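# From the sequence below, what's the structure:
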Amino acid sequence: MEVDQPQLAKIRQSLEADDYRLDVVVHSGRAKVTIAAGPSACADCLVSKDLMRSMLAPVLGVSPDLIELVYPAEVEH
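Numbers count the residues shown, from 1 in each chain. As a prediction, this is how the structure comes out:
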C-alpha cells in the first residue's frame, strides 16, 4: 500500500498550524515518524502516541504497531 500524500499533507498542515513539523520515512512496510516542535508550538496540542499512530496508519499504509513515533521531547537537538 502506498502513502496517501493528500491525506498526509492535511495532517502536516494541521500540525504546522500549531508550529510542529512532521517528518515521515516509509521503508519496507515500516514507518518512522518524527514530530518536532517550533518555538511557538502548542504544548498541549499533540494527541497521545497511540491515537497519532492510529491516525497515521491508514495514511501511511502500514500497521500502527509498525510506526516508530518520535515526539518533540524525544527529538535530539
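
# Going by C-alpha atoms from here, please, whenever you check contacts or count neighbours.
OK.

# Show me where this structure has its helices.
Secondary structure of the chain (DSSP state H): helices at 5-17, 49-60.

# most packed of the ones you listed?
helix 49-60 (a mean of 17; mean count of other Cα atoms under 10 Å).

# quick one: Leu22 and Ala37, what's the gap?
9 Å (Cα to Cα, to the nearest Å).

# which stretches of the protein have low pLDDT?
For the chain, the stretches with pLDDT under 70 are 75-77.

# In a markdown table: the helices of the chain, plus distance to Glu74.
Below are the helices of the chain laid out as a markdown table (distance: least, Cα to Cα, whole Å):
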| stretch | distance to Glu74 |
| --- | --- |
| helix 5-17 | 17 |
| helix 49-60 | 12 |
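
# of all those, which lies closest to Ala43?
Comparison of the helices of the chain against Ala43 by Cα to Cα identifies helix 5-17 as nearest, at 11.8 Å.

# Tell me what angle the closest one forms with helix 49-60.
Counting by axes from the mean of the first three to the mean of the last three Cα atoms, to 10 degrees, helix 5-17 lies at 140 degrees to helix 49-60.

# Nothing else from me, thank you.
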